[in-house]
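Visitor: need the 3D shape of this:
(one chain, ligands or ions: 2)
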Amino acid sequence: MNKFALVLAAGKGTRMKTILPKCAFPILKKPMIEYIVESLEASTIDETCVVVGHQRKVIEDILDGRVAFAYQEKQLGTGHAAMAAEGVLGDKEGTTLILLGDMPLIDETTIENILSTHEKLGNDLTVVTTSYKDPRGYGRIIRDKYGKIESIIEDKECTEEQKNIQEVNTGIYAVDNHYLFQTLKHIQKSAYRNEYYLTDIVHLMRHEYTVGTYTIRDNSIVMGVNDLYAISIAEKVLRDSINREFMINGVSMINPETITIGHNVCIEENVTIYPNTTITGESTIAEGAQIGPNTEIHNGVIHKDVSVKHSLVYDSVVHERTTVGPFAHLRSNANIGKENRIGNFVEVKKSSTGAHTKASHLAYIGDTTTGDNVNFGCGSITVNYDGKEKHETHIGDDVFIGCNTNLVAPISVGDSVFIAAGSTVTENVPSGALAIARNKQINKEDYARNLIKPKGKTVETIEDAKDPKTS
Ligand code: UD1
Ligand code: CA
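Guide: Ligands and ions are numbered 1, 2, ... in the order given. The predicted structure is shown next:
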C-alpha cells in the first residue's frame, strides 16, 4: 500500500503577527516546516506534497527538492488547501496522511503508529485526537452516544457545553486517498467564517465509510502553534526532550533549563555544557569538550578536549585541546588548529591557524592563513579591508608578532619572523627577518620639565620629592 503525506502550509499565520509565514518560523533556529518534513522523511511515507500559498517562495526554498508542492492561491481554509493538492495526489492509490504545517513536534514514531493503526482497524478515515485540560483554540471532537466520532466543531463555533469537551482534533488524519478527494468536493463554506473546513470530511464520510479515531496520550507531540507564545512552549518541550536525551547519553549539563541544543546537533560522551549555552545548526561537539558558560555555537565543529567559554562560534572549526575565550568570536569558516589559545576579545574570520598558535588578547585575524607556533601579541590586527575589497594575509611558522602590530594586507610574513611591537607592516617580511616598522624614538632631554607643571606644585617640589637627599 502506497503512503502519501499532505502537509498544509499555505496560511499566513495571522495570529503570529510576524512577517515570516508561520510554517517558516524557526524553532531552535530551524523552520517549523522542516521538522515536519524531516519526520516524514524518516517514516515509511513514499511521497510528500506540501501545499504552499502565502509567501510560497519562502517555504519552497526551505524544502527545495525534498517534496512536491501544490499551490493554494487564496487561503480559503484547510479544506480548500487540501483540495489544492488534487493535481499532485488526486489520482493516486493508497493512504494519505494529512498534517498541518504548524505542528513541529510530530515525530516519525507517532506517524508510524497512526499509519499502522489506520491499517489495522481497516478504516477509510482515522481522525487523530488528543486531550488538553485547556482545549481553547482547538476543534472539539463530538461523539455520538455509542462513543463514535460524529463531527469536529471549531472552538469559536462551539456551544458553551461543547467548549467543555477536552478531546480535540490534532489536525492529523489518515485517509484513503480516493475517498479524500471525492469528499473534499462536497465541503461547503462554513456559515461562521468564509472558509472551507477540512474537518467537515468527518461528518461527510461517517455514514458511507469506516471512520474511526486514534488518540495520542502525549498531547505536546501534536500541539499546534498559532502565536509566538505557543512557539515558546514548543521550543521548551523540544529543548527539554533534547537535553534529557543527551544527559542520559553521557553529556553533563549544568543548569540544563538554560541550555538550548538544536535538533541536528551531535554531542559525544564526557562533554560538559555550562549555563546559558546555545548550540544549533549542524554542530558537533567531541568527547571531553567543555562548552560555556554564556556561549553560542552555530554550525560549529568542536574537536576533543576543546574549551569554549563566554564566546561565539559560527560556521567554524576548532581542533583538539584548543581554548577559546573568554569573549572570543570565531566566524565565517574560521579553522583553528590544535592546542591554540584564542583568548579575550579576539575575533577570527575566514582564517586558519596551525598548531600551537596563540592570540591571547585583543586581536583581529581576518582572511589570513597562519602556520604553527605563531604568537599574535595583544592588539595585533590583520588589516584586511581597504574600504573596497578584502585582502589576504599569509603568516608562516614560528612567528612572533609584537603587541599593537598592523599587518596591512595583502601581505606575506615568512617563517621564523619577529615583528617589533607597534609596527605597521606594509611590505612582505622574508623568513628569518626582524621587522621594525615604526618611527624611531627621540628623547628630548628636559623638554617635558618645562612643559608640565602640575597644579599646586612647583617643579622644585617634584624634584625634592624624587630625591630625599636634597630635603
Ligand atoms: C485547525 C483545525 C482544528 C484543529 C487545529 C489543530 C480546521 C478547520 N481546524 O485549526 O480543528 O484542532 O488545527 O492544531 O482544520 N492552512 C492552509 N490554507 C488555508 C488555511 C490554513 O494551508 O487556507 C494551513 C496553515 O498554514 C496551517 C494549517 O493549515 O499550517 C492549520 O491552519 P490554522 O489556521 O492554524 O488552523 P487552526 O485554527 O489551528
Ligand atoms: Ca493551528
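
Visitor: C-alpha from now on. contacts and neighbour counts both.
Guide: Fine.

Visitor: need the contact list for T96.
Guide: The neighbours of T96, taking CA atoms under 8 Å, 6 or more residues apart in numbering as the test, are K3, F4, A5, L6, Y173, A174, V175, D176, N177.

Visitor: show me where this protein has helices.
Guide: Along the chain, counting by DSSP state H, helices occupy 32-42, 56-63, 78-83, 86-89, 108-120, 160-163, 177-184, 201-205, 228-248, 447-451, 459-466.

Visitor: ok, residues contacting the first one?
Guide: Under the criterion CA under 8 Å, 6+ apart, residues 5, 9, 23-26, 48, 59, 62-63, 101-108, 111 lie in contact with helix 32-42.

Visitor: that helix near ligand 1 anywhere?
Guide: No. On the criterion CA under 6 Å from any ligand atom, helix 32-42 is out of touch with ligand 1, staying 8.7 Å away.

Visitor: what's the angle from that helix to helix 228-248?
Guide: 50 degrees (axes from the mean of the first three to the mean of the last three CA atoms, to 10 degrees).

Visitor: mind checking how far helix 32-42 is from the chain centre?
Guide: 15 Å (CA atoms, centre = their mean, to the nearest Å).

Visitor: now it: mean pLDDT?
Guide: For helix 32-42, the mean per-residue pLDDT is 98.

Visitor: give the buried residues for that helix.
Guide: M32, I33, E34, Y35, I36, V37, S39, L40, E41 (16 or more other CA atoms under 10 Å).

Visitor: between the residues you listed, which sits nearest ligand 1?
Guide: Nearest to ligand 1 among these, counting by CA to the nearest ligand atom, is I33 at 8.7 Å.

Visitor: so how far is T14 from that closest one?
Guide: Taking CA to CA, to the nearest Å as the measure, I33 falls 17 Å from T14.

Visitor: kindly report the same for V251.
Guide: Distance from V251 to T14, by CA to CA: 40 Å.

Visitor: with A355 instead?
Guide: 53 Å.

Visitor: the two: which is more packed in?
Guide: Using other CA atoms under 10 Å, the more surrounded residue of A355 and T14 is A355, with 20 against 12.

Visitor: what pLDDT is listed against that one?
Guide: Looking at A355, its pLDDT stands at 98.

Visitor: list the contacts of it.
Guide: Listed by CA under 8 Å, 6+ apart, the contact set of A355 reads G337, K338, E339, N340, G371, D372, N373.

Visitor: let me have these in CSV, adding distance to ligand 1, pLDDT and neighbour count as columns.
Guide: Output for the contacts of A355, formatted as CSV (distance: CA to the nearest ligand atom, whole Å; pLDDT from 0 to 100; neighbours: other CA atoms under 10 Å):
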residue, distance to ligand 1, pLDDT, neighbour count
G337, 45, 98, 23
K338, 46, 98, 21
E339, 48, 98, 20
N340, 48, 98, 27
G371, 52, 98, 21
D372, 53, 98, 20
N373, 55, 98, 20
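
Visitor: between the residues you listed, which is closest to S416?
Guide: Nearest to S416 out of the contacts of A355 is N373 (CA to CA; 9.6 Å).

Visitor: surely that closest one meets H356?
Guide: Yes. Counting by CA atoms under 8 Å, N373 does reach H356; the two are 4.7 Å apart.

Visitor: what about the stretch 351-471 of the chain, any weak spots by pLDDT?
Guide: 454, 456-471 (pLDDT under 70).

Visitor: in it, what residue is nearest ligand 1?
Guide: Closest point on the stretch 351-471 of the chain to ligand 1, by CA to the nearest ligand atom, is S351, at 42.1 Å.

Visitor: okay, now that residue: neighbour count?
Guide: 22.

Visitor: with T424 instead?
Guide: Neighbour count of T424, defined by other CA under 10 Å: 21.

Visitor: where do the strands of the stretch 1-150 of the chain begin and end?
Guide: For the stretch 1-150 of the chain, applying DSSP state E, counting those that start in this stretch gives strands covering 3-8, 26-27, 30-31, 47-52, 68-71, 95-100, 125-131, 140-143, 149-153.

Visitor: what is the distance between the fifth one and the centre of its chain?
Guide: Read that as strand 68-71. 26 Å.

Visitor: residues from this structure in reach of ligand 1?
Guide: Going by CA under 6 Å from any ligand atom, the residues of the chain near ligand 1 are 8-11, 51, 75-78, 81, 100-102, 138-139, 154, 168-171, 197-199, 224, 226.

Visitor: returning to what we had before: of the buried residues of helix 32-42, just say which sits nearest to K304.
Guide: For those, the nearest to K304 is Y35 (29.3 Å; CA to CA).

Visitor: quick check: the residue of the stretch 201-350 of the chain nearest ligand 1.
Guide: Counting by CA to the nearest ligand atom, the stretch 201-350 of the chain gets nearest to ligand 1 through G224 (3.9 Å).
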